[in-house]
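Asks: Fold the following for me, if possible:
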Amino acid sequence: MNEASTGKRGSISKTGSILRIENALVEDMYTSNSRTGYILVSYATPGQNDMVYIDLLRLNVGWDTILINQFGDPISLCNIRKGRWVNAEFSAAMTRSIPPQSRAYRVVAIVQKPLFRVTIDRVASVDVENGLLNTGDPNNELDQVRFAISPATEIQDKSGNIIPLSSLKTGQMVRIEHANFQTASIPPQSTAYRIKLM
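Replies: Residues are numbered from 1 along each chain as shown. This is a model prediction of the structure:
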């Protein structure tokens with residue numbers, strides 16, 4: 001169980017000129033176009049005599065800020081609402097305003113349950129080295145969908161036992177729970193959450 005699920009605010013750490021915060025609580029968010037704006041977060045700062053202070057920080061989100069959920073799916077700023085937990089990387093150059101402001105490089109929103117779609121199709125190809133699985137017609141890339149396999153992707157055999165990606169073979173029928181989002185590439189790509197042999 002991560003700290004976010006227990007409601008415990010994280011604190012800031014630093015690597016070079018980049019600051020990181022984990023399990024920051026979103027106090028407010030503003031956007032005029034769903035992609036740029038700011039997120040106001042709170043985080044814990046240890047004080048004397050075991051005291052813990054809650055500080056605020058405004059993360060400014062620009063077009064170059066990476067916005068994703070914990071599964072790696074791209075999201076809009078509208079998905080980051082008050083009360084949600086985020087992990088973020090941002091510039092160590094902060095303003096002296098109250099609250100201080102910083103440029104966000106990357107924001108990861110922690111979502112409770114991913115919204116997903118289900119695809120049932122035959123395996124067209126498996127790329128174990130790059131963590132990719134294509135479904136559809138193996139002879140026609142225009143009739144395929146590519147799924148990115150992450151360490152969080154659960155792959156099961158027909159009995160529900162966990163198996164490696166390398167166990168999947170061309171021609172097998174699979175049921176894939178995956179992200180609603182697909183890239184505009186050919187073939188379109190989505191993130192797989194769970195794959196089960198049928």
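Asks: Give me the distance between stretch 174-191 and the centre of its chain.
Replies: Here the centre of stretch 174-191 is set off from its chain's centre by 15 Å, with C-alpha atoms, centre = their mean, to the nearest Å.
Asks: Okay, buried residues for that stretch please.
Replies: For stretch 174-191, the neighbour count (16 or more other C-beta atoms under 10 Å) marks 174, 176-179, 182, 187, 189-191 as buried. C-beta: built from backbone N, CA, C; applies to glycine.
Asks: So what touches stretch 59-73?
Replies: Stretch 59-73 has contacts (C-beta atoms under 8 Å, 6 or more residues apart in numbering) with 31, 35-41, 74-77, 79-80, 87-88, 90, 101-111, 114, 148, 150, 152, 179, 181, 191, 193.
Asks: cool, stretch 186-198 as well?
Replies: 71-73, 114, 116-117, 120, 133-134, 136, 141-142, 144-150, 152-158, 160, 163, 168, 172-179, 181-183.
Asks: about what we covered before: of the buried residues of stretch 174-191, just say which sits nearest to R20.
Replies: T191 (23.0 Å; C-beta to C-beta).
Asks: Local confidence estimate at the residue in the chain sticking out farthest from the centre?
Replies: When distances are taken from the C-alpha mean of the chain, N49 lies farthest, 36.6 Å away, according to C-alpha atoms, centre = their mean. The pLDDT attached to N49 in the predicted structure is 79.
Asks: Helix, strand or coil: sort out it for me.
Replies: helix (DSSP: H, G, I helix; E, B strand; the rest coil).
Asks: residues touching it, list them.
Replies: Counted by C-beta under 8 Å, 6+ apart, N49 has zero contacts.
Asks: Next: R122.
Replies: 135-136, 170-174.
Asks: Please apply the same query to K158.
Replies: 196-198.
Asks: Which PyMOL command selects the buried ones in those residues?
Replies: Of these, the buried ones go into a single PyMOL selection, burial set by 16+ other C-beta under 10 Å:
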select buried, resi 196+197
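Asks: Among the contacts of K158, which ones are in helices?
Replies: In this view, the contacts of K158 have no member that belongs to helices under DSSP state H.
Asks: Tell me which of the contacts of K158 fall in strands.
Replies: 196-197 (DSSP state E).
Asks: mind showing which ranges of this protein have poor pLDDT?
Replies: 1-11, 112-115 (pLDDT under 70).
Asks: Among the contacts of stretch 186-198, name the buried ones.
Replies: 71, 73, 114, 116, 133-134, 136, 144-149, 153, 155, 168, 174, 176-179, 182.
Asks: List the ones among the residues you listed that fall in strands.
Replies: Short answer: those in strands (DSSP E) are 116, 133-134, 136, 144-149, 153, 155, 174, 176-179.
Asks: how about TSV for the contacts of K158, with distance to W63 added?
Replies: Supplementary listing: the contacts of K158 in TSV, determined by distance: C-beta to C-beta, whole Å:
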residue	distance to W63
K196	38
L197	41
M198	42
